[in-house]
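In: mind folding the following:
(2 chains)
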Amino acid sequence: MYNELEGIAHYLQQLPGSSIFIRYVKSSYQNDPWRSLLELLLFLFALRVWLSKRTRRDAEKGFVGLSSTEIDELVDDWQPEPLVPQAEIKQAPTIIGPPSIKPKVSQPGQPSDKARQVTNLVSYNFLGLLGDQRIKDAATKALRVYGVGSCGPPGFYGTMDVHIDLEKSIAQTLGTESAIIYSQGFATITSVIPTFAKRGDIIVADEGCSFAIRKGLQISRSTVRWYKHNDMNSLETVLDSINREAKRRKAPLTRKFICSEGIFQNDGSLANLKRIIELKKKYKYRLILEESYSFGVVGNTGRGMTELYDIPAKEVDILVGSMANTLGSAGGFCAGESVVVEHQRINSAAFIFSASLPPMLAVSANETLSILNSSSGPNIVHSLQTNIASFRSVLSTIDSIELASHALSPIQHVFFSQSKELQIISTSQKEKSSEEERVEAVLGDICDDALVNGVFITVAGHLRGQESDIGALSAGSTGIRVAPGGAPPPTEPRASIKIAISSALSKKETEKAALVVKNSINRVLKRRA
Amino acid sequence: MQVNSSSRLRSSQLERSPNTKSAFLYPRPSLPSLSTTSADNLPDARSYLQTKLDVPTKSLLSHDEYGICNNPDFRYTSSHNSRENSTISEVEDPSYFILISTYVSYVLLIVVGHMRDFFGKRMFKKHYKHLMPNNGYAALLSDFDSFYTRRLKLRIDDCFSRPTTGVPGRTIVTLDRDSADYNNTYNYSGTSTRCLNVSSYNYLGFAQARGGCADAVEDCIARYGVSAGGPRHEGGTLDLHHQAENLVAKFLGTEAAMLISMGFATNSTTIPALVNKGCLVISDELNHSSIRFGVRLSGASVRQYKHNDMKELENLLRETISQGQPRTHRPWKKILLIVEGLYSMEGTLVNLPVIMEMKKKYKFYLYIDEAHSIGALGPSGRGVCDYFGIDPRTIDISMGTVTKSFGAAGGYIAGSSDLVNRIRQRSHGMTYAESMSPPVLTQIISSLASITGVKEFIEGGDQVSEEIHPGPITYNTLPSWMTLPRDLLDGSEGKDRLRRLAFNARYLSSALRKMGFIMSGSRDSPIVPLFIFHPAKLPLFSRLMLERLTKDAASIVVVVVAYPATPLISGRVRFCLSSAHTKADIDELLRACDEVGDILQLKLSKRENKWTVEECIDRAVELVESEEA
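Out: So this is what the prediction gives:
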């Protein structure tokens, strides 16, 4: 033993610089054993931290030590579930050729030469500019200069002059300082919300918000409180209660947002922007407004909610819209102050990690925008509004349905009335499916019947089972909390038929198509009864 | 050294009078005629890029978009060679001096940044409004989150987001800009510069405004317009979608495929359709942001393992399967391993053969993100499976983009038809997002068809069984209205593209290694990262490549990447090669790297037997074919 120690000491002495180390230890520790002990302990502690593996952390959470053979057995025993759960496969009809106002449509499984020409109330052709020659010409011209793809994210040579042009025209049209474009409309809001709202921030959201917004809220990990759909009193109560709670808890000042849609995707209702702006100013919130379905269609010249309510767009802090709907192209945008926009250029995931919008699509969107901004713009918007009104007037005569959408919305949702819905749910043969799916099955029959009679309409698409899956949205140990006067986290949206009105049809044609829809509803309901 | 070079840089900027540039921005350039083949009609091309070619050209391709390189020696076939370790992910360590000085640089930047913030907030309140509570509103941006953007990125912001115009092909035209207020705002002079483009994701060179694919797209616009009019499940499904999806599946050798209109959204909206609470996602630590986004949305548990470390992956699998879910110890519902085929910042390949072995034993599902590898790897361009010779049907889900290799935009999900059909029902992108635009679909169809070739047009093609993968497609797979030139239909051009890319990738990567740069990744990867380390050298590298010091040298646009996209010390420049590049382009790039590498002292490798740049250029074919570099 002693010899071994001697050996080690001898070995130590042979290391270069060891004499200095030994002299240092001897001279500094001679009179202070406590210090030696403390430093030795510190050294051992550091060694332990360094050697400990990641799994040690799990040891505290009940990590079970297993031998290698036990692990092998467990591995052999483990059987995973199928990758995707079994589901009923619903297939949508296919448009053969361009999505014009009178396209050829074939049912799933039908050969394409059997396709029939029908009236299209499905495609987002609100302004009737889908397939317009001016836009085709602009796109072709862009193709011959830029090719198809942009081949790179905006940060790495994917920002082209046409993108900058489009950003400028959107900002100019709305009257905001600046705008930024994304390459997919749906991904825009989902990425914009978490760019600004972080953990600990507060978002007050309308319970009727669309799926994309719900996902954005989920990923932001902020504290979310919901208010009743389009109910301004509920919004005020929620804002007030949050204020009081913050005061009581002496919580530090955090970012606070109100989140609403202009025209709601799920039911076509129109937000009361005027009141929201008043409340946001009163309670010092910032407003995130989703204008995917209102930009380009409401207001005298189609500039959206802010024009409709005669509010400068600058009052909306973060204004998000889509070029895929009204502008008949693809992609989304976010407009606001330049601080808001520039922050997204380096912090918004869907912007920085995605290739930029194909230049020809940016050019097409810009072309549609310039048509809208030209002298013919107000006429197009006006004829769209006339068509919406005539469509509604035909359908309003049926008792068993509800037209919950606003008279300005280019998307008109047809719901069954509450009593009819209950009746359908209780008499449905489909026992395994959810209530919404049972209603959707009947709505699907109506769509099929309408297609046979020459009008193409569709059931509003929803991801049943995933809509209400919004994570642990309201942070806090007590689980999901409902603000007084507010609403619980939203569940599945009601089933509806979604109808896209277009100004490409004349008033008469719209009425005729509406009549077909009406007859189909009556026919299917009669058949069931 | 750096001071010296930056002063030279400034003088060179002065020398470059505006006459080397042209007014190209507004109004837009008039459309070049279809038959243009030479590079000399563009006024802004600098001498090298103006060089007239004495090679006769038969196609309608433009040399600016797709370089003409007819020497059959400059071709190579990309495939796995077991004697070369192509999945290696270790990088040679630089000397301690480099490491320490890099850290010191960052510390300096951070300290100076905080000092500026400290004084700025007190003395220039106006400029810090959005960072401070204001009138009862909390700061819009948190100080901490935006520190990096304001204090580090802004300094070198001129190297990012350079606006461009025209086709992002072999060359690209950047709009000249300068800033008088330290990159807060830019002034556009209205002139532009044509540069050699080693930055765009244009692996197979399909970024073209001319040629057979572009002609097909033009026909498509005339026929279909630019929008499909809605989400896939709400009437936005056109016949073109079915045709393109069939073709993608044929190309990949899977039963079915679906297309989503944005690459990022393909991951972020499909992963939540696959996993949820109670499932485990095992993810490589370098996986793309879209994958993390999707996993976060899904609510599944996530565990990461060190990049490409198969040992750690196996340990992790053993641990997670045996322990089950945290706290409850219930078995996991399922385990999904998500890897990328080719990692976009490292150029490394996934070690697929080992993963396939493990998959048998541990029964996890495999999701491969082939965003960068599809089209770019493998003897027939079918991605990592093709490269390693693995049956694509044994992969559960293969995801990829059509943005990068095929000059289109968007992504696909492929697998068994049962699986794809079910994902269709559950993916957010199919129900809510706009469907893929018809011209983009046409670009996909025409470019994929030119890689596979059409059976009826290939000599002896009629004997090929339809079951064989990878094989040609049949003519009736294409839309009836589509007319493609013969060299696209018989697959000869497509084959040439694959072989040119493979040569270019291997040549550049091997030559830079030989010259003594520290490189990462596989030599077959079309992404070639070169390590720079110091944050101060990053912008210098980018600017020196753009403003070449040698007379008559071509401007080159490069991508520099630093923290947070990479680990703190490994700032790098990343070259993305393309079939569109000629051997002469790579030579020029090598000379530029040599020049700038000497100025910035980047040849840090400790290897012996370094070659000079001219040696590399002369012995290019030998370099490419040798098994070690």
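
In: what's the closest non-adjacent residue to the most centrally placed residue in chain B?
Out: Nearest to the mean C-alpha position of chain B, by Cα atoms, centre = their mean, lies B:Tyr201 at 4.0 Å. Leaving aside its sequence neighbours, B:Tyr201 sits nearest to B:Lys404 (Cβ to Cβ, 6 or more residues apart in numbering or on different chains; 3.9 Å). Bear in mind the C-beta positions are built from the backbone N, C-alpha and C, glycine included.

In: ok, the one you found - contacts?
Out: A:151, A:355, B:201-203, B:371-372, B:374-376 (Cβ atoms under 8 Å, 6 or more residues apart in numbering or on different chains).

In: residue contacts, the residue nearest to the centre of chain B?
Out: A:151-152, A:355, B:372, B:403-405, B:576.

In: show me those that map onto strands.
Out: Among the contacts of B:Tyr201, DSSP state E puts B:Cys576 in strands.

In: could the contacts of B:Tyr201 go into TSV alongside distance to B:Asp587 and pLDDT?
Out: Converted to TSV, those look like this (distance: Cβ to Cβ, whole Å; pLDDT from 0 to 100):
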residue	distance to B:Asp587	pLDDT
A:Cys151	23	91
A:Gly152	24	91
A:Ala355	29	93
B:His372	25	93
B:Thr403	28	93
B:Lys404	25	92
B:Ser405	24	92
B:Cys576	18	94
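
In: of the contacts of B:Tyr201, closest to B:Glu218?
Out: A:Cys151 (18.9 Å; Cβ to Cβ).

In: I'd guessed the closest one sits against B:Thr403; true?
Out: Yes: under the criterion of Cβ atoms under 8 Å, A:Cys151 makes contact with B:Thr403 at 6.8 Å.

In: okay, and the common contacts of the two?
Out: In contact with both A:Cys151 and B:Thr403: A:355, B:201, using Cβ under 8 Å, 6+ apart.

In: how far away is A:Thr64 from chain B?
Out: Wrong residue type there; residue A:64 is Val, not Thr. In this view, A:Val64 and chain B are 6 Å apart by Cβ to the nearest Cβ, to the nearest Å.

In: got a list of what the nearest residue to A:Phe126 once chain neighbours are set aside touches?
Out: Residue nearest to A:Phe126 in three dimensions, not counting chain neighbours: A:Pro410, with 4.2 Å by Cβ to Cβ, 6+ apart. Residues near A:Pro410 by Cβ under 8 Å, 6+ apart: A:124, A:126, A:263, A:293, A:297, A:326, A:384, A:388, A:500-501.

In: next step: these restricted to strands.
Out: Per DSSP E, the subset of those in strands is A:Ala500.

In: from what I can see B:Gly378 touches B:Tyr387, true?
Out: Yes: assessed by Cβ under 8 Å, B:Gly378 is found in contact with B:Tyr387 at 4.2 Å.

In: which neighbours do the two share?
Out: With Cβ under 8 Å, 6+ apart as the test, B:Gly378 and B:Tyr387 both reach B:78-79.

In: tell me which parts of the stretch 351-500 of chain B are close to chain A?
Out: Applying Cβ under 8 Å from any Cβ of the partner chain, we find that the stretch 351-500 of chain B lies next to chain A at B:361-365, B:396-397, B:401, B:403-404, B:406-409, B:419, B:421-426, B:428-429, B:431-434, B:437-440, B:443.
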